[in-house]
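Novice: A structural model of the following input is requested.
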Amino acid sequence: MTKKLWFQTGVAILLTLVIIRMFMEVKGIFSPLLIIGQTIFLPLLIGGVLFYLSRPLLNWLESVKFPRWASMLSVFVVIGLIGWLFYALIGPPLTKEVNKLVENTPGIVKDVEQFTKYAHTLSQKDLLPETLQSTVKDATGKINDIVVSAGSLLFKFIQNVFQGIFLLVLVPFFLVYMLKDHEKFAPFVSRFFKGEKKTWIRKTLVDIDDTLRSYIQGQLFVSFLVGLMLLIGYFAIGLEYALLLAVFGMMMNVIPFLGPYISVIPAIIIALTQEPKLAIYVAIIMLVAQQIESNFITPNVMGKSLDIHPLTVVTIILAAGNIAGLWGIILAIPTYAVIKVILKNIYAHRVTIKDAATKSV
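Specialist: Sure thing, here's the model as predicted:
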């Protein structure tokens, strides 16, 4: 029985849970390491994302006989130009909209409260169908919490962006070494193994690299296109804070499946306070953008690279959000995809060994 895959997998899971539990009991001993890890986490993450985004350019430059140092320098120049263009073209209007939103937030909250009171009054006077009255009552009891939560999420996002600027000093450091030595990682890890295990380790690392590349490049490109569609739609209907809401929608689209539903809440609230009928247009714009994204853009950009069922995505995101908050939500799907790749390679390796043993008999 000890040689059965299900038994070994169960033992591995139990040992992992025991190790995690023991780590939590003595986490005070590792607090200096945790502080160091938290300090370098964001720069390392941003450096990794920039690495996967810029590696196609690096590979193309080297394919046309650019030396590595010249390719890396060109990558940094391109990143700098894109950052400057973003700051010059989008920075001023975005800052203006943020300041305007901060100034008008008390008025927006007051308008939403008046709207909910009016809807509640209609439901009490039996002017709405009976089937809608309970819905209105429930909505009026929760809408203030939604306003506060959506506003808090938006401002927390903006605050994290500005706080992250102070950590970006480390990003070029990580990016330089990733661009310079990324081919050396797999050989370095696999050198501790021999024979078939060495081959398996290298193949698994290559598959993990392909999965992360497909997810990061595809998800960010898809999010950019969704943000662009939202910006065009919001400008077309004359929605206030269109640029800010479109950028927020683009950022939230990084969260698979649930991101669009989170990003549309502030847009609908702004639309209701500006002109109630605009809320319908906002919902239609988001619906059209998501249909285009899910049916045309994502299948052609990312294909079946992850192959994760939507129910699995929702379950993982909800669990990760309860465990690790916002970062857990963002990192849950790529982490799951990496674990899935590792398990698939383990299974394939065991099947290969089993088939070889059967043929030898």
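Novice: what stretches of the stretch 251-361 of the chain score poorly on pLDDT?
Specialist: 298-307, 309-310, 355-357, 359-361 (pLDDT under 70).
Novice: With adjacent residues omitted, what lies nearest to Phe224?
Specialist: Closest residue in space to Phe224, ignoring its immediate chain neighbours: Met250 at 6.3 Å, by CB to CB, 6 or more residues apart in numbering. Bear in mind the C-beta positions are built from the backbone N, C-alpha and C, glycine included.
Novice: Show me what the helix or strand containing the one you found packs onto, helices and strands only.
Specialist: Taking DSSP states H and E as the definition, one finds Met250 inside helix 242-252. Counting contacts by 3 or more CB pairs under 8 Å, 6 or more residues apart in numbering; DSSP states H and E, helix 242-252 is packed against helix 91-124, helix 130-165, helix 195-237, helix 259-274.
Novice: Which one of the ones you listed has the poorest average confidence?
Specialist: Comparing mean pLDDT across those, the weakest is helix 130-165, with a mean of 54.
Novice: That helix: what's the following helix or strand?
Specialist: helix 170-181.
Novice: Check the offset of the following helix or strand past that next one from the chain's centre.
Specialist: Sequence-wise, the next helix or strand downstream of helix 170-181 (DSSP H and E) is helix 185-190. The chain centroid and the centroid of helix 185-190 are separated by 28 Å under CA atoms, centre = their mean, to the nearest Å.
Novice: helices and strands around helix 185-190, which ones?
Specialist: helix 195-237.
Novice: Tell me what angle the helix it packs on forms with helix 259-274.
Specialist: 10 degrees (axes from the mean of the first three to the mean of the last three CA atoms, to 10 degrees).
Novice: Next, the angle helix 242-252 makes with helix 195-237.
Specialist: Between helix 195-237 and helix 242-252, the angle comes out at 160 degrees (the same axes, to 10 degrees).
Novice: so what does helix 195-237 touch, helix or strand wise?
Specialist: Counting by 3+ CB pairs under 8 Å, 6+ apart, helix 195-237 packs on helix 31-63, helix 185-190, helix 242-252, helix 259-274, helix 276-292, helix 298-301, helix 310-360.
Novice: Show me what the longest one is packed up against.
Specialist: Counting contacts by 3+ CB pairs under 8 Å, 6+ apart, the secondary-structure elements packed against helix 310-360 are helix 195-237.
Novice: which residues touch Pro172?
Specialist: 47, 76 (CB atoms under 8 Å, 6 or more residues apart in numbering).
Novice: Now do the helix holding Met250: distance to the chain's middle.
Specialist: 14 Å.
Novice: CA atoms of that helix as CSV?
Specialist: The C-alpha coordinates for helix 242-252 follow below in CSV (Å, rounded to 0.1, in the frame of the first residue of the first chain):
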residue,chain,number,x,y,z
ALA,A,242,-14.1,57.7,-16.8
LEU,A,243,-10.3,57.4,-16.9
LEU,A,244,-10.0,56.5,-13.3
LEU,A,245,-12.8,54.0,-13.5
ALA,A,246,-11.3,52.4,-16.6
VAL,A,247,-7.9,52.1,-15.0
PHE,A,248,-9.4,50.6,-11.9
GLY,A,249,-11.3,48.1,-14.2
MET,A,250,-8.1,47.2,-16.0
MET,A,251,-6.3,46.5,-12.7
MET,A,252,-9.2,44.5,-11.3
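Novice: got the contact list for it?
Specialist: For helix 242-252, contacts defined as CB under 8 Å, 6+ apart pick out 90, 93-94, 97-98, 101, 154, 157, 223-224, 226-228, 230-231, 234-235, 239, 259-260, 262-264, 266-267, 270, 286.
Novice: filter those residues to the buried ones?
Specialist: 94, 97-98, 101, 154, 223, 226-227, 230-231, 234, 239, 259-260, 262-264, 266-267, 270, 286 (16 or more other CB atoms under 10 Å).
Novice: ok, back up a step: is it possible to get JSON lines of the helices and strands packed on helix 195-237 that adds distance to Leu73?
Specialist: Below are these laid out as JSON lines (distance: least, CB to CB, whole Å):
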{"stretch": "helix 31-63", "distance to Leu73": "10"}
{"stretch": "helix 185-190", "distance to Leu73": "22"}
{"stretch": "helix 242-252", "distance to Leu73": "29"}
{"stretch": "helix 259-274", "distance to Leu73": "35"}
{"stretch": "helix 276-292", "distance to Leu73": "38"}
{"stretch": "helix 298-301", "distance to Leu73": "29"}
{"stretch": "helix 310-360", "distance to Leu73": "29"}
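Novice: nearest to Leu14, of those helices?
Specialist: Counting by CB to CB, Leu14 lies closest to helix 310-360 out of the helices and strands packed on helix 195-237; the figure is 16.4 Å.
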